[in-house]
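Engineer: Based on what follows, work out the 3D shape:
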Amino acid sequence: MSETLSLNKLEKLIELETQLRGEYQEQLDAKDAVIDELQNDKTALEAKMAGLEETIFTQLGTIKDMSSKSSDAQALEQRNRELHNRSENMKEEVAATKSRLKALQKDLAAERAELAELKKYDPQRMRKNLDASKKKLAEKTTAADKLQKSLSEVRSENSQLELKIKELEAQLEHTNSAQSDQTPDEQEAA
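Structural biologist: Have a look, this model is predicted:
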């Protein structure tokens with residue numbers, strides 16, 4: 001009995017499966033079609049991805065080549081700029097050196113003219129003139145000393161004379177005051 005029961009159950013299950021298949025077969029077929037289509041799309045996408053990856057690798061290689069060429073070009077441009085700057089600096093240095101050279105040449109010409117002017121003077125004659133000037137200076141110095149001494153003497157005499165004048169004026173004043181103290185009769189007698 002248990003076998004029949006199991007067999008019945010199995011038959012019912014098969015019937016149920018058949019019934020369900022009948023009901024859902026269209027949907028299952030549609031889903032299978034979608035699955036097949038998606039698998040076909042997946043294959044196409046994978047092929048497309050492989051093609052795109054190949055394109056990317058090709059472009060990457062091209063970019064690397066171009067970037068190396070670009071970096072070489074940039075390095076060359078940088079070097080050209082540096083060389084241009086150096087040449088500009090050198091031009092400025094040359095111009096400054098030229099102007100300095102001109103100034104030095106002017107200074108040299110002035111020094112040469114001054115040397116020529118100095119050579120015009122005779123050193124021996126100048127020494128003789130110097131010696132003569134020294135002698136004249138010594139003579140004038142001694143004369144000035146003598147004049148200074150005589151001036152001192154005159155000043156002392158002058159001060160002595162001024163003292164005498166003051167004494168005499170004092171005596172005169174004393175005499176005049178003494179005479180004014182006398183009476184007119186005494187003045188006549190005197």
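
Engineer: Go through the helices and strands of this protein and name the one with the lowest mean pLDDT.
Structural biologist: Each helix and strand of the chain was given a mean pLDDT (mean pLDDT, DSSP states H and E); the minimum falls on helix 184-189 at a mean of 55.

Engineer: how many neighbours does residue 42 have?
Structural biologist: When counting by other CB atoms under 10 Å, one arrives at 10 neighbours for residue 42. The C-beta positions use only the backbone N, C-alpha and C, and glycine is treated the same way.

Engineer: Mind pulling up the pLDDT for it?
Structural biologist: pLDDT, residue 42: 86.

Engineer: Next, it: secondary structure please.
Structural biologist: Taken by DSSP: H, G, I helix; E, B strand; the rest coil, the conformation at residue 42 corresponds to helix.

Engineer: and what of residue 151?
Structural biologist: Applying three-state DSSP: residue 151 is helix.

Engineer: residue ranges with poor pLDDT in the chain?
Structural biologist: 1-5, 182-190 (pLDDT under 70).

Engineer: For it, just list every one of the strands.
Structural biologist: If you assign secondary structure with DSSP state E, the chain ends up with no strands.

Engineer: just the helices in it please.
Structural biologist: When assigned using DSSP state H, the helices of the chain occupy the ranges 2-120, 123-181, 184-189.

Engineer: What distance do you get for residue 94 to residue 103?
Structural biologist: From residue 94 across to residue 103, the span is 15 Å (CB to CB, to the nearest Å).

Engineer: burial measure for residue 30, as a count.
Structural biologist: Neighbours around residue 30, by other CB under 10 Å: 11.

Engineer: next one: residue 169
Structural biologist: A count of neighbours around residue 169, defined by other CB under 10 Å, yields 10.

Engineer: Report the contact partners of it.
Structural biologist: Residues near residue 169 by CB atoms under 8 Å, 6 or more residues apart in numbering: none.

Engineer: ok, it to residue 155 distance?
Structural biologist: According to CB to CB, residue 169 stands 21 Å off from residue 155.
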